[in-house]
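Visitor: Sequence and predicted model, in that order:
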Amino acid sequence: MGLKPKTIAKRLLNKYCYECPDDINLEELMYAEKLDLKFEPLAGCQGKIIFNKREGIITIDSGITNRHRVKFIAGHEMGHFFLERKLCKPVVSNEVKADSNGAIIEHLDKFVSTGNL
């Protein structure tokens with residue numbers, strides 16, 4: 001059984017000497033955890049992540065201009081990395097589906113049995 005999100009969050013806070021979640025700089029955390037961030041047009045989703053056990057690439061729809069929304073999506077995708085990277089089958093893609101108003105309506109996780117970034 002994997003670690004619970006709260007346990008992982010506490011470990012990250014301790015690992016990077018953050019006193020509280022508000023202190024977290026997502027860009028610095030992504031760099032330290034070998035997560036690249038890129039922006040490109042995405043059809044029908046707001047963000048996705050491709051990763052293996054060591055590194056990953058988070059892609060956010062380039063049409064999203066609200067920095068708080070970008071931060072939320074990046075944090076959401078990072079959650080997949082921290083919670084799922086130790087699975088024996090790496091996650092190839094996670095798409096956050098959205099309706100025309102930008103509300104998240106579905107998560108689609110695809111798994112494969114082999115392959116690395």
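Guide: On my side now, so go ahead.

Visitor: can you tell me how far the residue positioned nearest the centre of the chain sits from Ile57?
Guide: Nearest to the mean C-alpha position of the chain, by CA atoms, centre = their mean, lies Glu77 at 1.6 Å. Using CB to CB, to the nearest Å, Glu77 is found at 10 Å from Ile57. C-beta here means a position set from N, CA and C on the backbone, and glycine is covered the same way.

Visitor: Give me the common contacts of the two.
Guide: Counting by CB atoms under 8 Å, 6 or more residues apart in numbering, the shared contacts of Glu77 and Ile57 are Ile49.

Visitor: Which parts of the protein are strands?
Guide: With DSSP state E, the ranges of strands along the chain come out as 35-40, 45-51, 56-61, 91-98, 104-111.

Visitor: elements contacting the second one?
Guide: For strand 45-51, the packing partners by 3 or more CB pairs under 8 Å, 6 or more residues apart in numbering; DSSP states H and E come out as strand 56-61, helix 67-84, strand 91-98.

Visitor: my guess is Val70 contacts Ile60, does it?
Guide: Yes: look at Val70 against Ile60 with CB atoms under 8 Å: they come within range, at 5.7 Å.

Visitor: For the two, indicate the residue with more neighbours.
Guide: Shown here are Val70 and Ile60; by other CB atoms under 10 Å, Ile60 has more neighbours (23 against 18).

Visitor: gap between the more buried one and Tyr18?
Guide: When Ile60 is compared with Tyr18 (using CB to CB), they lie 23 Å apart.

Visitor: for Ile24, same thing?
Guide: The value you get for Ile24 to Tyr18, if CB to CB is used, is 6 Å.

Visitor: and if you look at Glu84?
Guide: For Glu84, the distance to Tyr18 - CB to CB - is 22 Å.

Visitor: Same question for Gly56.
Guide: When Gly56 is compared with Tyr18 (using CB to CB), they lie 21 Å apart.

Visitor: So which of those two has more stuff around it?
Guide: Taking neighbours as other CB under 10 Å, Gly56 and Tyr18 compare with Gly56 leading, 23 against 15.

Visitor: and the more buried one, what does it touch?
Guide: Listed by CB under 8 Å, 6+ apart, the contact partners of Gly56 are Lys34, Leu35, Asp36, Ile49, Ile50, Phe81, Arg85, Leu117.
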